[in-house]
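Q: Need a 3D model of the sequence below.
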Amino acid sequence: MASLDVLKANSERGGADLRPALRVWLMAVAALVFVMVLVGGATRLTESGLSITQWKPVTGVLPPLSAADWRAAFDRYKEIPQYARLNPDMTLDGFKTIFWWEWSHRLIARVVGLLYVLPALWFWARGAFKGALGRQVALATALLALEPIVGWWMVKSGLSDRVEVAQERLALHLLIAASVFGTAIFAAVGLGDRPREAVPRGFPLAAAAFALLVYAQLGLGALVAGLRAGLIYNTWPLMGGRFLPNEAFAAADAPLNDAATAQFDHRLLAYAVLAFALAQAVAAVSAAPAALARRAVTLAAVAALQVGLGVLTLLFAAPIALALLHQALALVLIGLACAYWSVTTIRIRPKRSEKVNSCA
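A: As a prediction, the model looks like this:
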């Protein structure tokens, strides 16, 4: 029996209907993850991610509280290559600026953990996690447990030989956060009321494929950011007067370590996302229930807006405001894609009376 049916059956037997509370909890988790990712983006864009060179999951919640503590934190930062190569003239006040970005990012991550774990234990004790919902919550739990480990692994990559974190670790860190975000939205939408009209065959598979395509594009965007690939080829639609720049795919490990290849792949996949979204919208308007069609059209509109915003971000060489807005809209797009996917998987089951009549 699906998790939604279990929760409904519980409420019909006189128990509390936990679905509204579960939806609020899951959407609150998604909202906080959204904020955490945006603060993380600002941390990266301001070169603040390496300002805290230690990982203290519990005591690290407290920032430096005295002048001596601040000097000690600044001295630890002075020991890494980023200070020597990029910020040798940085003052203590300048260090405090980048410190607060990274500290805020880590603090929000801790808040996400608390907001997730404590209510999850309460719902679990009441038997709310059954069937599909139980599997979704288990996936989100595993990802949330992995995220800080990968985050510190990412930070460590920039503490010895580099002046920034490794771009592939940055991409993995973002993708895990996006997975938690998308899973929470998928689960919350799945707890809603069933649609009145059946979803046409093939739509759930197409919705899943679209969500995965947007997810892959998000990962490529992280590689572009980590490689600073938005600072080259600031023209559109061509790159250096060519559709495919000369140096693209020249490196054996492209696009992981090649900025030109990463930007080219990111452009190409953006076109694929937009084409898929438009085709999906046309199909939905033609054959799907009106509510589902509206969702598909909204997805296509947001995808088009995101492509346009990406072009603007590139043309202006990725200023912080545009880059953050581009990242925020990417999360909105993947959230909408997961919500759309979830709606297409909600199947209509006839009522008992309808079953009797159909057998008569």
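
Q: can you list the domains in the chain?
A: The chain breaks down into these domains under automatic domain parsing: 1-193, 197-360.

Q: got those domains as TSV, with mean neighbour count columns?
A: In this view, the C-beta of every residue, glycine as well, is placed from N, C-alpha and C. Shown next, in TSV, are the domains of the chain (neighbours: other C-beta atoms under 10 Å):
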stretch	mean neighbour count
domain 1-193	17
domain 197-360	17
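
Q: so where's the stretch 251-360 of the chain shaky on pLDDT?
A: Within the stretch 251-360 of the chain, the stretches with pLDDT under 70 are 347-360.

Q: As a check, name the ranges of all helices in it.
A: Along the stretch 251-360 of the chain, the segments classed as helices by DSSP state H, counting those that start in this stretch run 259-287, 290-315, 320-345, 352-359.

Q: a markdown table please, covering the ones you listed and showing distance to Val117.
A: As requested, the helices of the stretch 251-360 of the chain are arranged in a markdown table below (distance: least, C-beta to C-beta, whole Å):
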| stretch | distance to Val117 |
| --- | --- |
| helix 259-287 | 34 |
| helix 290-315 | 31 |
| helix 320-345 | 22 |
| helix 352-359 | 39 |
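
Q: and Leu205, which of the ones you listed is closest to it?
A: helix 320-345 (8.7 Å; C-beta to C-beta).

Q: Can you list the helices and strands that the closest one packs against?
A: Of the remaining helices and strands, those touching helix 320-345 by 3 or more C-beta pairs under 8 Å, 6 or more residues apart in numbering; DSSP states H and E are helix 19-45, helix 167-190, helix 203-226, helix 290-315.

Q: okay if I get those as TSV plus distance to Trp100?
A: Listed next are these as TSV, based on distance: least, C-beta to C-beta, whole Å:
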stretch	distance to Trp100
helix 19-45	10
helix 167-190	20
helix 203-226	21
helix 290-315	25
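
Q: so which of these comes closest to Trp341?
A: Closest of the helices and strands packed on helix 320-345 to Trp341 is helix 203-226, at 4.0 Å (criterion: C-beta to C-beta).

Q: list the helices and strands the closest one packs on?
A: Applying 3+ C-beta pairs under 8 Å, 6+ apart, one finds that helix 203-226 makes contact with helix 167-190, helix 259-287, helix 320-345.

Q: Just the angle for it relative to helix 259-287, thanks.
A: Relative orientation of helix 203-226 versus helix 259-287 (axes from the mean of the first three to the mean of the last three C-alpha atoms, to 10 degrees): 160 degrees.

Q: my guess is Thr43 meets Trp103, correct?
A: No: counting by C-beta atoms under 8 Å, Thr43 sits too far from Trp103 to count as a contact (9.5 Å).

Q: what's the closest of the helices and strands packed on helix 320-345 to His266?
A: With distances scored as C-beta to C-beta, the stretch of those nearest to His266 is helix 203-226 (4.5 Å).

Q: So which of the helices of the stretch 251-360 of the chain is nearest Ala68?
A: helix 320-345 (32.5 Å).

Q: Pull the distance from that closest one to the chain's centre.
A: How far helix 320-345 lies from its chain's middle: 8 Å, per C-alpha atoms, centre = their mean, to the nearest Å.

Q: hang on, the earlier thing: so which of the helices and strands packed on helix 203-226 gets nearest Gly202?
A: Nearest of the helices and strands packed on helix 203-226 to Gly202, taken as C-beta to C-beta: helix 259-287 at 8.5 Å.

Q: Tell me how far that closest one lies from the chain's centre.
A: Its chain's average C-alpha position is 18 Å from that of helix 259-287, according to C-alpha atoms, centre = their mean.

Q: Measure how that helix sits relative to helix 167-190, angle-wise.
A: Going by the same axes, to 10 degrees, helix 259-287 makes 10 degrees with helix 167-190.

Q: Packing partners of helix 259-287?
A: If you count contacts as 3+ C-beta pairs under 8 Å, 6+ apart, helix 259-287 packs onto helix 203-226, helix 290-315.

Q: please redo it, this time with the cut-off set to 10 Å
A: When contacts are defined as 3 or more C-beta pairs under 10 Å, 6 or more residues apart in numbering; DSSP states H and E, helix 259-287 sits against helix 167-190, helix 203-226, helix 290-315, helix 320-345.

Q: need those in JSON lines with distance to Phe34, can you?
A: JSON lines is the format used below for the helices and strands packed on helix 259-287 (distance: least, C-beta to C-beta, whole Å):
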{"stretch": "helix 167-190", "distance to Phe34": "6"}
{"stretch": "helix 203-226", "distance to Phe34": "13"}
{"stretch": "helix 290-315", "distance to Phe34": "15"}
{"stretch": "helix 320-345", "distance to Phe34": "6"}
